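A.B. asks: A structural model of the following input is requested.
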Amino acid sequence: MVFSYYNRLSKKQKQIYRASDVIHAIRLPTTRGLKGRVKKIESALKNEKRVETEIACRELIRYLISILDVPPARIKVFAARPHDDWGELHGLYTPSEGRKQALIHVWMRTAKKRKVVAFRSFLRTVLHELCHHLDYEYLKLEDSLHTEGFYKRESSLFHQLVPAKRKTDKK
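C.D. replies: Sure thing, here's the model as predicted:
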């Protein structure tokens, strides 16, 4: 499936888009050690602790980057999301380009009501921004575009970190 903005891309960007779109997963070589790191994020977020949430996210990102053997990226967790008439920003990825490390920004509170974001949504945002980093550093794409493949890669990471709940599991 091609998203509507595809027609506005340059010939080179269309080539990158197509290359990105056919990659549907990033398989982690191991999931050992991930459950505890993910639980730390969930707990810190539930307790509305920004610093602890950032530390837990940093531990997860460092671990994922190390097992995928890609250059590091820093992560910063901020409080309420910035917003304007265009909507609100959930996360932002800035490639390294001249800096020591790429930078991931995520926000843990909604813009208007300033409520803590649901854990699964927050983790998906973290992984979404990490996927931009992996597009450049792991997949060696020249750009990181929002393609169907990109969203499938994000989901593949999420489902390796947070197994699906069974109907018999308590909520």
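A.B. asks: Give me the residue at the spatial middle of the chain.
C.D. replies: For the chain, the residue whose C-alpha lies nearest the mean C-alpha position (Cα atoms, centre = their mean) is residue 127; its distance is 2.0 Å.
A.B. asks: Tell me how far that one lies from residue 77.
C.D. replies: Residue 127 sits at a distance of 14 Å from residue 77 (criterion: Cβ to Cβ, to the nearest Å). C-beta here means a position set from N, CA and C on the backbone, and glycine is covered the same way.
A.B. asks: Not counting its neighbours along the chain, what's nearest residue 13?
C.D. replies: In space, residue 13 comes closest to residue 143 once its chain neighbours are excluded; the distance is 6.5 Å by Cβ to Cβ, 6 or more residues apart in numbering.
A.B. asks: quick one: contacts for the one you found?
C.D. replies: Contacts were defined as Cβ atoms under 8 Å, 6 or more residues apart in numbering; by that measure residue 143 touches 13, 16, 135.
A.B. asks: re earlier: wait, the residue nearest to the centre of the chain sits on residue 157?
C.D. replies: Yes. Assessed by Cβ atoms under 8 Å, residue 127 is found in contact with residue 157 at 4.8 Å.
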